[in-house]
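Undergrad: Need coordinates for the below:
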Amino acid sequence: MTQWKQRSSVQIKRFLREGMTAYARTFVLSEPIWQPRFYGFNLDSEGKFEEKLTYLHQNPVRAGLVAHPCDWPWSSARYDEQGRSVGVPVGWLD
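TA: Below you'll find the model as predicted:
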């Protein structure tokens with residue numbers, strides 16, 4: 001495991017342990033996790049992955065929040081299109 005993956009894993013675990021405990025207490029156990037009109041979808045090909053990533057990158061544009069996906073501060077589009085940092089390591093698919 002690379003060093004950044006180890007660091008990320010520790011940070012996620014810390015967040016879940018410390019930050020999510022109070023939030024988790026608000027869950028109603030009888031309610032479903034997913035909203036009714038949504039469903040899981042397996043990305044079984046590179047083409048399907050690209051399709052969903054493009055859809056994801058276009059969400060802030062469709063919502064009228066930015067003119068271009070790279071303008072959205074939390075979008076990985078900057079890395080994909082311009083090779084610029086997005087503030088977190090991108091490369092977990094390698």
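
Undergrad: What's the first helix or strand after the least confident helix or strand in the chain by mean pLDDT?
TA: Within the chain, judged by mean pLDDT, DSSP states H and E, the helix or strand with the poorest mean is helix 3-14; its value is a mean of 67. Past helix 3-14, further along toward the C-terminus, the next helix or strand under DSSP states H and E is helix 20-24.

Undergrad: Tell me the buried residues in that next one?
TA: Burial within helix 20-24, assessed by neighbour count using 16 or more other CB atoms under 10 Å, is assigned to no residue. Every C-beta, even on glycine, is put in place using the N, C-alpha and C of the backbone.

Undergrad: Residues in contact with the next helix or strand after it: which ones?
TA: Towards the C-terminus, the helix or strand next in line after helix 20-24, according to DSSP H and E, is helix 46-62. Contact with helix 46-62 is made by F41, L43, V66, A67, H68, P69, D71, W72, S75, S76, A77, D80, as judged by CB atoms under 8 Å, 6 or more residues apart in numbering.

Undergrad: Redo these as a markdown table? Include neighbour count and secondary structure.
TA: Below are those laid out as a markdown table (neighbours: other CB atoms under 10 Å; DSSP: H, G, I helix; E, B strand; the rest coil):
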| residue | neighbour count | secondary structure |
| --- | --- | --- |
| F41 | 8 | coil |
| L43 | 12 | coil |
| V66 | 15 | coil |
| A67 | 10 | coil |
| H68 | 14 | coil |
| P69 | 19 | helix |
| D71 | 13 | helix |
| W72 | 20 | coil |
| S75 | 21 | coil |
| S76 | 17 | coil |
| A77 | 23 | helix |
| D80 | 17 | helix |
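
Undergrad: burial count for L56?
TA: Close neighbours of L56, defined as other CB atoms under 10 Å, add up to 13.

Undergrad: Next, count neighbours for the closest residue to Q82 other than its chain neighbours.
TA: Distances taken as CB to CB, 6 or more residues apart in numbering put C70 closest to Q82, at 6.3 Å, once the chain neighbours are dropped. Each residue near C70 was counted by other CB under 10 Å, and the total is 19.
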